[in-house]
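>>> Give me a 3D structure for the following:
(one chain, ligands or ions: 1)
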Amino acid sequence: MFDSLSDRLGGVFDRLRGRGALTEADVRAAMREVRVALLEADVALPVARDFVDRVTEQAVGHNVLRSVTPGQQVVKIVHDALVAILGADESELLLDVTPPAVVMMVGLQGSGKTTTTAKIARRLSGRDRKKVLMASLDVNRPAAQEQLATLGTQVEVATLPIIAGQQPVDIARRALQAAKLQGYDVLMLDTAGRLHVDQALMDEMKAVADIADPAEILLVVDSLTGQDAVNVAQNFSDQVPLTGVVLTRMDGDARGGAALSMRAVTGKPIKFAGTGEKMDALEAFHPERVAGRILGMGDVVSLVERAAESIQQEDAERMAAKMAKGQFDMNDLRGQLAQMRRMGGLGALAGMMPGMKKAQGALQQAGGDKVLIHMDAMIGSMTVKERSKPELINAKRKIRIAKGSGTTVQDVNKLLKMHQEMSTAMKKLKKMGGIKGLMALLG
Ligand code: GDP
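Below is the predicted model of the structure:
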């Protein structure tokens, strides 16, 4: 996600950073490019305009232009503005009401509403240990209720028994009663979708909301539909008291504009991002991390979390501490490579690791995941000293390492360059305070 936007912005900022001094004209020219990049990414026009105006105003300030690292500062301003536009803080579900807390899911047909209902139910019942009941109110789409029941079985969450012919409002009533009587913490209502926004749909949503008094009303929108997603969100938020948005298909090659416009247009936070068809493909939406991803600074926190799922907790913490200090040696890189293989190869991690994005293109060209194995062999051929101090590796040592690992000096150079890029990116990230969230995460 955000690939093309990220590439475009990366180009603009590389040029800014590359210059020692910046004039107001340089900044303005760069901001014009940023504006075009945002519009091409499908960001709504007023949102892009506001964004660029805000950033320009701050960036042409004398303190910025006269500072030692003006380019870096401008990027930081853009980063912060991106975080602000995405909603600043992470937004949790607010379910702190007398149980059952009702979560009502709304959205157009095909947006991923039913899938997302089950994903959230899975998260609530697994991670948060809540007792969850799901009910489908979709009587329009054939087999919609059965679809939810099937997903319920899959994620081990109860669904309300289906009574053929019952209407949405009555199903909602029955679901509420069942949830109360049977002591459920959360009731998830998957409402009917339509192909387009229409009044009958809105009236039905309102009637259900009146009966169920939801703690959360989440709008599910398909991020791949770009500007349409923004229009749909506008329509829904005008008529239904939404509490948040879920963007699905963020795994697709969406241009990202929907995500960037959503908060500004609806005034409601994005709470989750759907990142695949599987039931675990749901991520809490962290504006800070997403802004980092867009600016190609990687998403260290998500990476560490993901890593923590597949490796020992201790390892993850050790790695995070090293990253935070800006120390990152060949042993760490080796650990990373092994994890990458475990976590599904290069593709899965692209864009998460600082500096990895650039390295990834080169790696793919060089043979994709096979390269990971070669790199492991090269690090295996290094001495203990070389691993902890890669700067020791001179021409002679490179030849030895290449021989020992059955690779070429060129391959060794590539590995060293990748390590260099990653550690630079991490230092940069640290300077910009992106590591704060990481430290908080690890307590
Ligand atoms: P509904 O009509 O809104 O209830 O949509 P569904 O939940 O039935 O989803 C429609 C299709 O989109 C299904 O094939 C889902 O597997 C798929 N889908 C839902 N969310 C995502 C997502 O985040 N990523 C991807 N790739 N597919 C998704």
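
>>> From here on, just use CA atoms for contacts and neighbour counts.
Fine.

>>> List the contacts of the helix or strand encompassing Arg15.
Element membership of Arg15 [criterion: DSSP states H and E] is helix 3-17. Helix 3-17 is contacted by residues 22, 26, 30, 33-34, 37-38, 40-41, 69-72, 75, 253, 255-256, 293-296 when judged by C-alpha atoms under 8 Å, 6 or more residues apart in numbering.

>>> let's see it at 7 Å
30, 34, 37, 41, 71-72, 75, 255, 294-296 (C-alpha atoms under 7 Å, 6 or more residues apart in numbering).

>>> Among those, which one lies nearest to the ligand?
Proximity of the contacts of helix 3-17 to the ligand was ranked by C-alpha to the nearest ligand atom; the top entry is Arg255 with 14.5 Å.

>>> follow-up on the earlier one: could the contacts of helix 3-17 go into a markdown table alongside pLDDT and neighbour count?
What follows is these, written out as a markdown table (pLDDT from 0 to 100; neighbours: other C-alpha atoms under 10 Å):
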| residue | pLDDT | neighbour count |
| --- | --- | --- |
| Ala30 | 87 | 19 |
| Val34 | 88 | 23 |
| Ala37 | 86 | 20 |
| Ala41 | 82 | 23 |
| Gly71 | 76 | 25 |
| Gln72 | 73 | 20 |
| Val75 | 80 | 22 |
| Arg255 | 69 | 25 |
| Ile294 | 78 | 24 |
| Leu295 | 76 | 25 |
| Gly296 | 67 | 25 |
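
>>> Flag every buried residue along the following helix or strand past the helix holding Arg15.
Downstream of helix 3-17, the next assigned helix or strand under DSSP H and E is helix 24-40. Under the neighbour-count criterion of 16 or more other C-alpha atoms under 10 Å, helix 24-40 has 27-28, 30-40 buried.

>>> Give me the angle between helix 24-40 and helix 3-17.
Angle between the axes of helix 24-40 and helix 3-17 is 180 degrees (criterion: axes from the mean of the first three to the mean of the last three C-alpha atoms, to 10 degrees).

>>> for the helix or strand following helix 24-40, what is the average pLDDT?
Helices and strands here follow DSSP H and E; after helix 24-40, the next one along the chain is helix 45-59. Mean pLDDT, computed over helix 45-59, is 89.

>>> how about the helix holding Arg15: buried residues?
Those would be 3-10, 12-13, 16-17, for helix 3-17 by 16+ other C-alpha under 10 Å.

>>> Alongside the ligand, which residues does the stretch 101-250 of the chain contribute?
With C-alpha under 6 Å from any ligand atom as the criterion, the stretch 101-250 of the chain meets the ligand at residues 108-115, 248-250.

>>> Can I get these in CSV including neighbour count and distance to Met330?
Formatted as CSV, those follow (neighbours: other C-alpha atoms under 10 Å; distance: C-alpha to C-alpha, whole Å):
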residue, neighbour count, distance to Met330
Leu108, 22, 49
Gln109, 19, 49
Gly110, 14, 46
Ser111, 25, 44
Gly112, 20, 42
Lys113, 25, 44
Thr114, 26, 45
Thr115, 21, 41
Thr248, 25, 37
Arg249, 23, 35
Met250, 23, 33
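
>>> re the thing from before, could you redo the contacts of helix 3-17 as CSV and give each row distance to the ligand?
Conversion of the contacts of helix 3-17 to CSV gives the following (distance: C-alpha to the nearest ligand atom, whole Å):
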residue, distance to the ligand
Ala30, 33
Val34, 28
Ala37, 24
Ala41, 19
Gly71, 36
Gln72, 34
Val75, 30
Arg255, 15
Ile294, 19
Leu295, 22
Gly296, 22
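
>>> mind showing which ranges of the stretch 251-400 of the chain have poor pLDDT?
253-255, 296-321, 323-326, 339-369 (pLDDT under 70).

>>> Near the ligand, which residues of it are found?
Applying C-alpha under 6 Å from any ligand atom, one finds that the stretch 251-400 of the chain approaches the ligand through 251, 274-277.

>>> residue ranges of the strands in the chain, please?
Assigned by DSSP state E, the chain shows strands spanning 101-107, 132-136, 158-159, 186-190, 216-222, 244-248, 270-274, 282-284.

>>> circling back to that earlier point, who wins for most neighbours among the residues of the stretch 251-400 of the chain next to the ligand?
If you count neighbours using other C-alpha atoms under 10 Å, the busiest of those is Gly274, which has 27 neighbours.

>>> Please report the distance of the closest residue to that one other than its chain neighbours from Ala209.
Leaving aside its chain neighbours, Gly274 sits nearest to Thr248 (4.2 Å; criterion: C-alpha to C-alpha, 6 or more residues apart in numbering). Separation of Thr248 from Ala209 (C-alpha to C-alpha, to the nearest Å): 23 Å.

>>> All the helices of the stretch 251-400 of the chain, residue numbers only.
Secondary structure of the stretch 251-400 of the chain (DSSP state H, counting those that start in this stretch): helices at 257-266, 287-294, 300-310, 313-325, 330-342, 345-349, 356-365, 369-380, 384-388, 395-405.

>>> so Ile270 touches Gly244, yeah?
Yes - Ile270 is within contact range of Gly244, at 5.7 Å (criterion: C-alpha atoms under 7 Å).

>>> Look at these two and report which has more neighbours.
Neighbour totals were compared for Ile270 and Gly244, and Ile270 leads with 29 against 24 (other C-alpha under 10 Å).

>>> Nearest residue to the more buried one in space, please, no chain neighbours.
Residue nearest to Ile270 in three dimensions, not counting chain neighbours: Val245, with 4.5 Å by C-alpha to C-alpha, 6+ apart.

>>> what does Ser136 give?
With C-alpha to C-alpha, 6+ apart as the criterion, Ser136 has its nearest non-adjacent residue at 4.7 Å, and that residue is Asp190.

>>> Thank you kindly, that will do.
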